[in-house]
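> predicted coordinates and the sequence they were generated for:
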Amino acid sequence: MHYQIIIYLLVLIGSISVPSSINAQILKKAGELLLPSNSGNSDTVNPKGVGVDVLEELKTDSARIAELMLEVEQMRLNEILLKTQLEANNQHVVEDSLKKAAQKQRIDSLRAITPGVPVVIEEDTLFKIYAARGGHSAFDRAETTMETIMKIGHDRRLRRDSVYLLDNDSYIDIMYGDKVIISVTENDALWHSTTPDVLAETWMPIINDKISLLKAENSFWQILKRAALFVLVIIMQYLLVKFINFLFRKLRREIIWLKVHKLKPLVIKDYELLNTKYLCRALLVISRFLRYALLLFFFILTVPILFSIFPQTEGLALKIFDYIVDPIKMVIKSIIEYIPNLFIIAIIWYCVRYIVKGFRYISDEIQSEKLKISGFYSDWAEPTFNIIRFLLYAFMIAMIYPYLPGSESGVFQGISVFVGLIVSLGSSSVISNFIAGFVITYMRPFKKGDFIKVNDTVGNVVEKSPFITRIRTIKNELVTIPNTFITTSDTVNYSASARQYGLIIHTMLTMGYDVPWRKVHELLIDSALKTKGVLEHPAPFVLETELNDNYMCYQINAYIKEADDMPVIMSDLLQNIQDYFNEAGIELFAPHHFTTKSRCEVSPVKVDISSISAK
């Protein structure tokens, strides 16, 4: 009875001091210890041997209590180890959760700017891969997945197994037979905001449907149908070519028939532009061009159709079609996009055009002297208008240039600079002549029709341009003189002097002292007045220019208005001088040379015609 009380006390102490997780184990162990004691109480107690039995039982209970205390300590150590392991596991779970949360947050921030790599099979996007795995980038994984699906779909030797999932520790494989199509990892699931199981279940039916579709498209009957369709398209193309050739042969016969019976020459006003022969030839060339254009058009359409029949060449067919359509689309798109710029160019052109018309009207009014501006001559109107028109058109080109197609291209700008450099280097003399032409225009040394002298060239101005001046001489020679040469040379304008004051022509003769000078003056003036073209007012006059030992020098001066007739007037004047002096019985002789009438009826005349000058 005593040891039972002691055991219960130990059990109570153990239940208080030992953690609750092992109380059940202690109570169970105590029950096992008490069970033999209770069974012993059912026996009859021997009064005589009570002391001995109690001592033996106490010894036995002490050993069991010691054993029980050791087991309690061992259980307490096990509890501590289990608790430490549990805390470590909890810490690991917490760290994994935090790591996944941080990774998910980072992926969420990258999802908006990361497009992902699509898995595309025959222009059908199945899904996108964002994460790398095992040293392979997302692009490599997508390429491998596409190659695997295409290989499975085109291999007719593989049986039609369904796609299934193979769950591994850290990833899930999507399998087809013994082939791994793609492995779904935790990172893949995080990018799609789901779990690996759900993502694998989502991708599996997509891949299965695509493989089934590929196998159906690559079956034997499908290949046979495509081959038949290929042959049918070729036959239709052949028949179409034959039909087009037949139509154009018939058209050619009709053109020849029209040439013989109904075709007439193409006449514009009174000019025969094309006769029937050349008109028929032009129609035949046009018909031939149309035939080749139609054949080329149908050939271009047929080639993509033929390549699109087979899946293996369908991509090539689309490329060929794009090569044909893309330039056309680009041209049409460029034209449509250029329409606003075209409107701007048209507005600029119309504005400049009407401004030029306004200046043209003002120039015509000034040139006709209906509008007079002080200090502005009428012959300045045309060159001034040309300068203003040039500047306006240059300004228009500068405004239009940014709106021209290709103006922003570096090649276009480089060519423009290159052309400008060549023009500037090669046209220095042209530009200098051009500037000299405008200088001559505004200096007004002469105008068209004037009789001028430039160095040794004498004649009428027949053309005056910004670059050159053309003069027709008295011998009917046409001389072209650069304007720069005129600006650096002496120019004599006989017509300007004749219009304003009257041009003075003169000639020299010598006469001995035996002839009275008054008689010489009278004869010279009468000869001048008798000459056609010489003006009476102002009257001709004679100057005595030199007194020599044996003779005197006389100079007859006469006014004329028509400078163009100056050579003819001078010739008539010399003839009249000879006639008048012969009639007066006065010999015209050269100095230091005497002749008698017995040897010559008329004495030789010494006439010194000097250069003609304007007074």
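All right, it came through fine.
> which residues touch residue 362?
By C-beta atoms under 8 Å, 6 or more residues apart in numbering, the residues touching residue 362 are 371, 385. C-beta: built from backbone N, CA, C; applies to glycine.
> err, residue 472, not the other one
The contact partners of residue 472, by C-beta under 8 Å, 6+ apart, come to 459-460, 462, 478-479.
> ok, residue 483 - contacts?
By C-beta under 8 Å, 6+ apart, the contact list for residue 483 reads 433-434, 436-437, 439-440, 466-469.
> can you tell me which of those residues are in strands?
Here DSSP state E is the test, and the contacts of residue 483 give 468-469 as lying in strands.
> closest to residue 80 out of the contacts of residue 483?
residue 434 (110.7 Å; C-beta to C-beta).
> tell me how far the closest one lies from residue 203.
79 Å (C-beta to C-beta, to the nearest Å).
> neighbour count for these two, which is higher?
residue 203 (23 against 16; other C-beta atoms under 10 Å).
> neighbouring contacts of whichever strand or helix holds the more buried one?
Here residue 203 sits within helix 196-217, counting by DSSP states H and E. Under the contact criterion C-beta under 8 Å, 6+ apart, helix 196-217 has outside partners 121-122, 124, 126-127, 149-150, 152-154, 156, 160, 162-165, 171-172, 174, 176, 181-182, 184-186, 188-189, 192, 194, 222, 311.
> how about JSON lines for the contacts of residue 472, with pLDDT added?
As requested, the contacts of residue 472 are exported to JSON lines (pLDDT from 0 to 100):
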{"residue": "459", "pLDDT": "91"}
{"residue": "460", "pLDDT": "91"}
{"residue": "462", "pLDDT": "92"}
{"residue": "478", "pLDDT": "91"}
{"residue": "479", "pLDDT": "92"}
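> so can I have JSON lines of those residues showing secondary structure, neighbour count and distance to residue 274?
Below are these laid out as JSON lines (DSSP: H, G, I helix; E, B strand; the rest coil; neighbours: other C-beta atoms under 10 Å; distance: C-beta to C-beta, whole Å):
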{"residue": "459", "secondary structure": "strand", "neighbour count": "21", "distance to residue 274": "46"}
{"residue": "460", "secondary structure": "strand", "neighbour count": "19", "distance to residue 274": "45"}
{"residue": "462", "secondary structure": "strand", "neighbour count": "13", "distance to residue 274": "39"}
{"residue": "478", "secondary structure": "strand", "neighbour count": "11", "distance to residue 274": "38"}
{"residue": "479", "secondary structure": "strand", "neighbour count": "14", "distance to residue 274": "44"}
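> of the residues you listed, closest to residue 513?
Nearest to residue 513 out of the contacts of residue 472 is residue 459 (C-beta to C-beta; 41.0 Å).
> what residues are up against residue 414?
Taking C-beta under 8 Å, 6+ apart, we find residue 414 in contact with no residue.
> now do the same for it: its pLDDT.
With respect to pLDDT, residue 414 scores 76.
> make residue 1 into 2 and carry on from there
Renumbered: residue one is now 2, and that last one reads residue 415.
> residue 185: neighbour count?
When neighbours are defined as other C-beta under 10 Å, residue 185 has 28 of them.
> surely it touches residue 169?
No - Residue 185 is not in contact with residue 169 according to C-beta atoms under 8 Å; the separation is 10.0 Å.
> hey, what's in contact with both of these two?
Residues touching both residue 185 and residue 169 (C-beta under 8 Å, 6+ apart): none.
> mean confidence for the helix or strand hosting residue 183?
Assigned by DSSP H and E, residue 183 belongs to strand 180-186. Throughout strand 180-186, pLDDT has a mean value of 87.
> then stretch 58-73?
Computed over stretch 58-73, the average pLDDT equals 77.
> pLDDT averaged over the strand or helix carrying residue 329, what's the number?
For residue 329, the enclosing helix or strand under DSSP H and E is helix 312-368. When pLDDT is averaged over helix 312-368, the result is 85.
> so how far is that helix off the chain centroid?
Relative to its parent chain, helix 312-368 has a centroid offset of 13 Å by C-alpha atoms, centre = their mean, to the nearest Å.
> any chance you could map the helices in the stretch 152-301 of the chain?
For the stretch 152-301 of the chain, the helices defined by DSSP state H, counting those that start in this stretch occupy 187-192, 197-218, 221-262, 277-310.
> tell me which of the ones you listed lies nearest to residue 430.
Ranking those by proximity to residue 430 (C-beta to C-beta) places helix 277-310 first, at 44.7 Å.
> quick one: the closest one to helix 312-368, angle?
Here helix 277-310 points in a direction 140 degrees away from that of helix 312-368 (axes from the mean of the first three to the mean of the last three C-alpha atoms, to 10 degrees).
> check which helices and strands helix 277-310 sits against.
Contacts defined by 3 or more C-beta pairs under 8 Å, 6 or more residues apart in numbering; DSSP states H and E place helix 277-310 against helix 221-262, helix 312-368.
> go again using 10 Å as the cut-off
The contact analysis (3 or more C-beta pairs under 10 Å, 6 or more residues apart in numbering; DSSP states H and E) places helix 277-310 against helix 221-262, strand 267-269, strand 272-275, helix 312-368.
> I'd like the ones you listed as TSV, with distance to residue 302 appended.
Output for the helices and strands packed on helix 277-310, formatted as TSV (distance: least, C-beta to C-beta, whole Å):
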stretch	distance to residue 302
helix 221-262	9
strand 267-269	36
strand 272-275	35
helix 312-368	9
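> buried residues in the strand holding residue 183?
Going by neighbour count (16 or more other C-beta atoms under 10 Å), the buried part of strand 180-186 is 182-186.
> can you check stretch 301-309 too?
Buried residues in stretch 301-309 (16+ other C-beta under 10 Å): 303-305, 307-309.
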